[in-house]
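Q: return a 3D structure for these sequence lines:
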Amino acid sequence: MVAAVAWAGGGVVPLTGVAVPARPADRTAGTAGSAATSAVPARHVTAFAPAIGALGGAQLAGTAGVGLAAGASRGVPGVPRSVAAGADARACGAMPAFPAGTAAEIMAGRLTIAPFKAVTIDPGRDGQIDWYIDPYDDPTWVLDFQTGAWIEALIEGYLAGGPHASAYRSRAEAILKSWLAGLPVSSQNPETLMCSAQAFPGQAWIHDAIPGPLDYYAAHWEGAYNHGLSQDLELLRAGCAYPAGAWGGQPLVWRRTARQQMIESFEPNQYGPAVDAQGVTNEQATGYANFTFGLWTEAEASLAACHLPPLPAADRNAIAKMPLFLALATQPDGTLVQIGDTYAVAPRNRAGTPLQFAATRGTAGKAPGQRVGVYAAGYIFGRSGWGTGATFGAMSFYSLRFGPGTQIHGHADHMGITYYARGRELIVDSGHDGYEQDGYRAYLLSPEAASTLVMPDVPFDPSAATTLVRARVRATAQFYEFTDSAFGGDVRDRSVYVSQAPDFVVVFDRAFGGGVYQQLWHLDPALTARTSGRSQAVATASGTELVIAQVALPGQVIPAGSTRVVRGQTDPYQGWVSRDQNQRTPAPVVTMTRYGASAAILTVIVPAAPGTRVAASAVSHGAGWYQLRLTIGSAVHTLLVSAGGAIT
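A: Okay, here's the model as predicted:
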């Protein structure tokens with residue numbers, strides 16, 4: 001096992017192979033531009049008023065909610081009504097922009113939560129709602145429904161004035177009272193209360209309810225990942241917007257708790273630091289790296305606006321490295337490579353960072369100084385170059401996965417490869433379509449949904465770590481070797497050689513104890529694939545031909561029927577790609593199968609113009625070595641492959 005790996009652009013990457021506990025049962029986070037589709041856009045950071053009190057010696061103890069007696073008519077205790085109204089607006093921030101007609105639809109008793117169709121939620125049109133309906137058997141829909149953020153469409157309509165303003169306010173009051181009575185405080189979203197309170201200045205029924213969910217957040221932190229950080233941002237927003245003496249001094253507790261928990265996110269915990277020293281999140285999904293980068297950016301701005309001390313320097317440095325990770329994870333088509341619970345989305349654009357060049361596809365900013373990134377958290381990204389605004393999409397790109405076992409939003413994709421060349425995605429991950437706990441979700445989480453080697457008859461352990469044992473990064477070619485024992489405790493090794501001059505990939509898999517071994521190559525849905533004999537498959541699309549060929553080693557006979565193409569299979573699931581919520585597209589998967597006590601599968605992957613001659617063969621080359629001869633068009637490329645996995 002190597003202790004560190006150097007990569008293009010300088011520097012040394014420390015490597016780890018620690019096992020991480022399995023993730024807990026997850027509830028969906030509505031994320032802008034990455035994970036679950038939210039019914040409401042993300043808010044902008046609030047510019048808090050400066051005179052909100054200092055931390056001083058505020059105590060963290062005593063987080064129980066401090067409210068008014070039932071029936072009281074005043075608003076925030078001890079605070080003038082005009083100040084309280086302004087605090088509600090600051091705590092809410094910018095109201096989200098709802099689609100035209102949303103308020104009218106709610107008044108008609110119906111609700112649309114994209115991408116689902118409209119549902120009748122208020123048949124009596126009186127605000128009396130069953131808050132436990134689940135019309136689509138989907139946790140994302142339920143979460144977006146129960147958080148109640150959509151109620152703010154009525155509040156927005158009221159604040160805008162007009163002939164329906166009074167009706168909007170009355171219906172919002174009825175729905176909010178039903179919401180408060182119908183859901184436990186653990187399911188109530190404080191932001192919904194703070195934003196809605198703007199329509200009810202001085203009314204205790206809603207202002208008394210604000211501390212409850214915030215105190216719950218302070219006492220029940222979900223931990224060092226996006227859920228916990230989202231809680232911290234709510235606490236910070238409320239704690240800094242409301243006067244320090246409101247509700248018996250709870251705002252001081254909220255803001256101090258928020259900052260302390262943010263700092264704790266970077267300390268040792270069951271998930272590992274929320275963002276490590278290389279700028280990588282612990283969520284195991286590029287989409288959530290994109291999402292949490294936005295959250296941490298907001299956190300830093302909110303602390304400054306609240307006149308609180310910044311995060312420690314080491315934590316700020318980790319956040320500052322997130323844009324480079326996201327830039328390296330951006331494919332030449334401008335989307336993040338789909339790893340973990342990630343939809344096909346573009347990364348955030350941050351001016352003045354390496355991400356700006358990637359997010360604009362080379363039309364703005366400066367190209368990052370490195371083309372290959374090796375990350376200890378378990379990611380490798382590489383590309384042939386960054387190009388310019390005119391050539392960004394013509395570069396080749398690949399990703400590889402290793403590292404700790406599956407957690408939070410990760411998939412069992414270790415040793416999986418994605419590959420982009422000739423202006424298109426070629427080898428892909430099967431993607432993400434939401435959080436409905438069904439057979440399809442189980443498939444997307446499994447190793448069978450990645451382009452890796454599986455042993456179908458052997459139990460798989462998603463908590464097993466995969467170690468990067470060797471790496472060599474050169475200007476036009478890179479080599480990596482991985483090992484794990486995720487299948488029944490038996491050894492599985494993969495060596496990968498990626499060339500950019502010209503573009504091709506060589507993969508050498510070795511495994512033991514499986515009986516049956518399958519290489520899986522998931523192809524983009526736009527490709528049409530067919531087998532060509534027992535050892536080769538050819539996939540085509542406009543202007544591109546992709547050859548995936550097994551190469552028989554000396555003494556090997558590739559069995560008849562070894563190479564197959566599967567597309568859109570449902571029992572069991574195989575041959576699907578998901579790019580968005582509730583979206584499932586049949587896609588070809590090339591399977592290459594071997595049998596026996598062990599297997600050694602040498603495979604070449606070559607993208608080329610249609611009709612280009614591709615041929616490969618291997619012969620012995622001294623003790624324990626093979627010579628691979630790869631012909632692409634008129635050019636011949638020779639590599640040496642050792643039985644132990646070296647490729648040079």
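Q: can you pull the contacts of Met592?
A: 518-519, 521, 535, 548, 550, 562-563, 601, 603 (CB atoms under 8 Å, 6 or more residues apart in numbering). Backbone N, C-alpha and C define where each C-beta goes, glycine included.
Q: what about it, which helix or strand?
A: Using DSSP states H and E, Met592 maps to strand 588-608.
Q: what number of residues lie near the closest residue to Met455 other than its chain neighbours?
A: Counting by CB to CB, 6 or more residues apart in numbering, Gly514 is the residue found nearest to Met455 once chain neighbours are left out, at 3.2 Å. If you count neighbours by other CB atoms under 10 Å, Gly514 ends up with 23.
Q: what stretches of the stretch 351-500 of the chain score poorly on pLDDT?
A: Regions of the stretch 351-500 of the chain meeting the criterion pLDDT under 70 are absent.
Q: wait, the residue nearest to Met455 sits on Phe460?
A: No: here Gly514 lies out of contact with Phe460, judged by CB atoms under 8 Å, at a distance of 10.9 Å.
Q: looking at this, the residue nearest to Met455 is in a strand?
A: Yes: with DSSP: H, G, I helix; E, B strand; the rest coil as the criterion, Gly514 is located in a strand.
Q: which residues does it contact?
A: Neighbours of Gly514 in contact, by CB under 8 Å, 6+ apart: 455-458, 487-488, 490, 599.
Q: so how far is Ile548 from it?
A: 21 Å (CB to CB, to the nearest Å).
Q: got it, and Asn189?
A: 48 Å.
Q: more neighbours: the two, which one.
A: More crowded of Asn189 and Ile548, by other CB under 10 Å: Ile548, with 27 against 19.
Q: ok but the more buried one is inside a strand, no?
A: Yes: checked against three-state DSSP, Ile548 lies within a strand.
Q: now the contacts of Gly514 in CSV, with neighbour count and distance to Tyr497?
A: Below are the contacts of Gly514 laid out as CSV (neighbours: other CB atoms under 10 Å; distance: CB to CB, whole Å):
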residue, neighbour count, distance to Tyr497
Met455, 22, 23
Pro456, 14, 26
Asp457, 12, 29
Val458, 19, 27
Phe487, 24, 23
Gly488, 15, 28
Asp490, 15, 24
Ala599, 22, 19
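Q: tell me the one of those residues nearest Tyr288?
A: Tyr288 has its nearest neighbour among those in Phe487, at 26.7 Å by CB to CB.
Q: just checking, that closest one touches Val516?
A: No: judged on CB under 8 Å, Phe487 makes no contact with Val516 at a distance of 10.8 Å.
Q: shared neighbours, the two?
A: With CB under 8 Å, 6+ apart as the test, Phe487 and Val516 both reach Met455.
Q: how about the strands in the stretch 301-450 of the chain?
A: Listed in chain order, the strands of the stretch 301-450 of the chain (DSSP state E, counting those that start in this stretch) span 372-375, 379-383, 397-401, 417-421, 424-427.
Q: excluding its backbone neighbours, what's nearest Ala449?
A: Nearest to Ala449 is Ser430, by CB to CB, 6+ apart, at 3.7 Å.
Q: got it, and Gly385?
A: Of all residues not flanking Gly385 in the chain, Met395 sits nearest, at 5.1 Å (CB to CB, 6+ apart).
Q: circling back: ok and the strand holding Met592 relative to strand 397-401, angle-wise?
A: 130 degrees (axes from the mean of the first three to the mean of the last three CA atoms, to 10 degrees).
Q: rewinding a little: spit out the residues that contact Gly514 and Phe460 alike.
A: By CB under 8 Å, 6+ apart, the residues touching both Gly514 and Phe460 are Phe487.
Q: where does the nearest residue to Trp205 once chain neighbours are set aside fall, secondary structure wise?
A: Nearest residue to Trp205, sequence neighbours excluded (CB to CB, 6+ apart): Lys177, at 7.0 Å. Taking DSSP H and E as the criterion, Lys177 maps to helix 165-182.
Q: just the residues contacting that helix, thanks.
A: 103, 106-107, 122, 125-131, 148, 151, 154-155, 157-159, 188, 192-193, 196, 199-200, 205-206, 209.
Q: quick one: which of those sit in helices?
A: 103, 106-107, 154-155, 157-159, 192-193, 196, 205-206 (DSSP state H).
Q: rewinding a little: just the contacts of Gly514: which are in strands?
A: 487, 490, 599 (DSSP state E).
Q: what's near enough to touch the second one?
A: Neighbouring residues of Asp490 by CB under 8 Å, 6+ apart: 455, 458, 511-514.
Q: could you tell me the end-to-end distance of stretch 326-333?
A: With CA to CA, to the nearest Å applied, stretch 326-333 spans 14 Å between its terminal residues.
Q: quick one: average pLDDT of it?
A: Average pLDDT, stretch 326-333: 98.
Q: check the offset of that stretch from the chain's centre.
A: Relative to the centre of its chain, stretch 326-333 is centred 14 Å away, using CA atoms, centre = their mean, to the nearest Å.
Q: which residues pair with the nearest residue to Asp484 once chain neighbours are set aside across the strands?
A: Ranked by CB to CB, 6+ apart and with sequence neighbours excluded, the top spatial neighbour of Asp484 is Thr466, at 4.0 Å. Counting by DSSP bridges, Thr466 is bridged to Gly403.
Q: can you give me every residue that contacts Thr466?
A: Thr466 neighbours (CB under 8 Å, 6+ apart): 17, 378, 401-403, 414-415, 482-484, 486.
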